[in-house]
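Peer 1: Sequence first, then the predicted structure:
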Amino acid sequence: MNVDDVLQGQNRWAVIHGKAETVLSSLPTSSVSAIVTDPPYGTGAWLRADEGQGSDPRATHRVETWDCWSTDWLDEAWRVSHGCVGLFLAAREIGSLLHWVGGRPWRMFVWCKSDPRPRFGGQPAYGFDPFIVIGRVQPVGGKDYILASSPRRNRDGQAAGHPHQKRISVMSWCLSLTSVPGDSILDPFAGSGSTGVACMQNGRSFVGVEQDAAWCEMARARIGEAWGPLFKTNQVSNGSSDDHDN
Ligand SMILES: C[S@@+](CC[C@H](N)C(=O)[O-])C[C@H]1O[C@@H](n2cnc3c(N)ncnc32)[C@H](O)[C@@H]1O
């Protein structure tokens, strides 16, 4: 799988196992239409105390080793995109993002969670996450908010097991705000590949980057599964017989 093949339109998608900052700095300026991503943003997971109920104030907040908010990658993302940069973040991190945004145009959208985490003992738990688009929002884009749950293994065939997996409907909404069919999308924090699946379903090409080998494989499997039947349909309608090597 090769990023250049995707950027030159020879392949529809690629997922790179590597660090976002390394891959971003290797890409040419203005080489993708938009960045759409769900970076680590410090949500972690609430762990209930051994005893007590859901409102137990002794519940603690576990943060994955990778789950640390930073704006370090944004300069390179802005350079690589010739359109906008759209990203999820926690509400408490808006100030730090806007410090980076400076005078650039930006707009905020909201994913309202239909199943927010319980509020433990007065500690903050958000029922929404902002999706901020820096640069030009697509005028044909969707509505300002979306109401959706998180995929969870115990109730949901869509769940891949990633602790912060986003629903495909949510990532499709993000695409509608940031891009149009035919665009190339880069997600430097691809996780289990939800942005890529949404790209296949919505006529965009996709490059993902993920540092964790297992999530990288999961992303490739999910995107390949989404693109396989669509690839065959495209072949029939194009009369094309090119090999599909993703
Ligand atoms: C919030 S999750 C993305 C979840 C994804 N939207 C999904 O639906 O599965 C962020 C991902 O970024 C990855 N990550 C963290 N730091 C990274 C880095 N420096 N380079 C590449 N990936 C990174 C983590 O391993 C994690 O899978």
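Peer 2: Ah, there it is. Residues are numbered from 1 along each chain as shown.
Peer 1: where does this protein have its least confident helix or strand?
Peer 2: Lowest on mean pLDDT, DSSP states H and E among the helices and strands of the chain sits strand 45-47, with a mean of 51.
Peer 1: my guess is Gly86 contacts Asp183, does it?
Peer 2: No: using Cβ atoms under 8 Å, Gly86 is not in contact with Asp183, being 11.9 Å away. (Glycine included, C-beta is placed from N, CA and C.)
Peer 1: which neighbours do these two share?
Peer 2: Ala34 (Cβ atoms under 8 Å, 6 or more residues apart in numbering).
Peer 1: In terms of neighbours, single out the busier of the two.
Peer 2: Remark: of Gly86 and Asp183, Gly86 carries more neighbours, 29 against 21, as counted by other Cβ atoms under 10 Å.
Peer 1: neighbours around the closest residue in space to Gly18 that isn't next to it in sequence, how many?
Peer 2: Spatially, and ignoring its direct neighbours in sequence, Gly18 is nearest to Val209 (5.8 Å; Cβ to Cβ, 6 or more residues apart in numbering). Val209 has 25 neighbours, counted by other Cβ under 10 Å.
Peer 1: got a list of what Val209 touches?
Peer 2: Neighbours of Val209 in contact, by Cβ under 8 Å, 6+ apart: Val15, Ile16, Gly18, Lys19, Ala20, Val23, Leu24, Leu186, Asp187, Pro188, Phe189, Ala190.
Peer 1: and the ligand, which of the residues you listed contact it?
Peer 2: Lys19, Ala20, Phe189 (Cβ under 6 Å from any ligand atom).
Peer 1: Redo those residues as TSV? Include secondary structure and distance to Val101.
Peer 2: What follows is the ones next to the ligand among the contacts of Val209, written out as TSV (DSSP: H, G, I helix; E, B strand; the rest coil; distance: Cβ to Cβ, whole Å):
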residue	secondary structure	distance to Val101
Lys19	coil	23
Ala20	helix	19
Phe189	coil	19
